[in-house]
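K.L.:
okay, predicted coordinates and the sequence, questions at the end:
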Amino acid sequence: MSLHFSRRALLAAALAISSLTLVDRAIADQSIRVGIMSAEDEDVWAVVSQEAAKKGLTIELVVFNDYTQPNEALENNELDANAFQHKPYLDNQIKTRGYHIAPVGYTAVWPIGLYSKKHKSLAELPDKAVVGVPNDPSNEGRALRLLEAQGLIKLKPEAGILATPVDIVENPKQLEIQELDAGIVGRSIDDLDAAVVNTDWAIKSNLTPADRVATEAVDDNPYRNFIAVKQGRENEDWVKTLVAAYQNDTVKETLAKVYKGTALPAW
């Protein structure tokens, strides 16, 4: 009886193993560390972790509150991957810090917005209005490009995505651009005429779509976020499984629920 049961068990195990793909077998029971930002993204990645677990990949989430830390941790091999940034931000980090990091799969895009508690539309912005923008290179350039797209300013053509206020060549309303930390600009909205705020920080600052007087276009948006790994690891089997665990309908529905429609799938 015992021997007969053992054979059945072995047969069942063999059938289960044969049903796995080559990638699944390669990453079965593997555990990786993924760096993400705190708050809403934790809820999204809890679902991603469940999707990965179905394919035998265990994700240990490492949560950060500072944008500068996840890339440093990845570069130092304290993480296997991170997911929090867009290409302009990574390009600047590579340029200034010499990181060896590569994107492997898109996650979501959060169109940046111009918010105001004092004015209901762009037309209401007065001359010499004080407009807050994030002060880190990639997000400041993004904010200024949004202001330019709305006809509020004009930038030097060569300024590119890392434009700063010194690149403004036309400012018909004589806007006063106030540079603030990305985490502070939204919370300072009551002291400003308007502010360009990243969507995640807008949510944390209790800003809503009703407070938004302009928003960034989604088509051909260079600010799509992605999963990143150390250069040289892009083709490891677990990477494909991790990306697939994010890029699916279950996570798409979770993004819509958690971010209340402000985050859009980027894949």
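P.N.:
Right, received. Where do you want to start?

K.L.:
got the buried residues for stretch 112-131?
P.N.:
Ile112, Gly113, Leu114, Tyr115, Ser116, Leu122, Leu125, Ala129, Val131 (16 or more other C-beta atoms under 10 Å). Placement of C-beta: from N, CA and C, glycine included.

K.L.:
what is the burial count for Glu158?
P.N.:
If you count neighbours by other C-beta atoms under 10 Å, Glu158 ends up with 7.

K.L.:
could you measure from it over to Ala217?
P.N.:
Counting by C-beta to C-beta, to the nearest Å, the gap between Glu158 and Ala217 amounts to 21 Å.

K.L.:
same check on Lys240?
P.N.:
Applying C-beta to C-beta to Lys240 and Ala217 gives a distance of 31 Å.

K.L.:
between those two, point out the one with more neighbours.
P.N.:
Legend: neighbour count by other C-beta under 10 Å for Lys240 and Ala217, higher for Lys240 (18 against 9).

K.L.:
assumed that one was part of a helix.
P.N.:
Yes. Counting by DSSP: H, G, I helix; E, B strand; the rest coil, Lys240 is found in a helix.

K.L.:
could you measure from it over to Val44?
P.N.:
Lys240 is 20 Å from Val44, by C-beta to C-beta.

K.L.:
pull the distance from stretch 83-91 to the chain's centre.
P.N.:
8 Å (C-alpha atoms, centre = their mean, to the nearest Å).

K.L.:
try stretch 39-56
P.N.:
Averaging C-alpha positions (C-alpha atoms, centre = their mean) puts stretch 39-56 15 Å from its chain's average.

K.L.:
so for that stretch, mean pLDDT?
P.N.:
Mean pLDDT, computed over stretch 39-56, is 97.

K.L.:
CA atoms only for it, dumped as PDB, please.
P.N.:
Backbone C-alpha positions of stretch 39-56 (Å, rounded to 0.1, in the frame of the first residue of the first chain) are rendered in PDB as follows:
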ATOM      1  CA  ALA A  39       2.000  54.200   0.000                       C
ATOM      2  CA  GLU A  40      -0.200  53.300  -3.000                       C
ATOM      3  CA  ASP A  41       2.400  51.400  -4.900                       C
ATOM      4  CA  GLU A  42       2.600  48.900  -2.000                       C
ATOM      5  CA  ASP A  43      -1.000  47.900  -2.700                       C
ATOM      6  CA  VAL A  44      -0.200  47.400  -6.400                       C
ATOM      7  CA  TRP A  45       2.900  45.400  -5.800                       C
ATOM      8  CA  ALA A  46       1.100  43.200  -3.300                       C
ATOM      9  CA  VAL A  47      -0.900  42.000  -6.300                       C
ATOM     10  CA  VAL A  48       2.200  41.700  -8.500                       C
ATOM     11  CA  SER A  49       3.700  39.500  -5.800                       C
ATOM     12  CA  GLN A  50       0.700  37.200  -5.900                       C
ATOM     13  CA  GLU A  51       0.900  37.000  -9.700                       C
ATOM     14  CA  ALA A  52       4.700  36.200  -9.500                       C
ATOM     15  CA  ALA A  53       4.100  33.500  -6.800                       C
ATOM     16  CA  LYS A  54       1.800  31.600  -9.200                       C
ATOM     17  CA  LYS A  55       4.900  31.100 -11.400                       C
ATOM     18  CA  GLY A  56       7.200  30.100  -8.500                       C
END
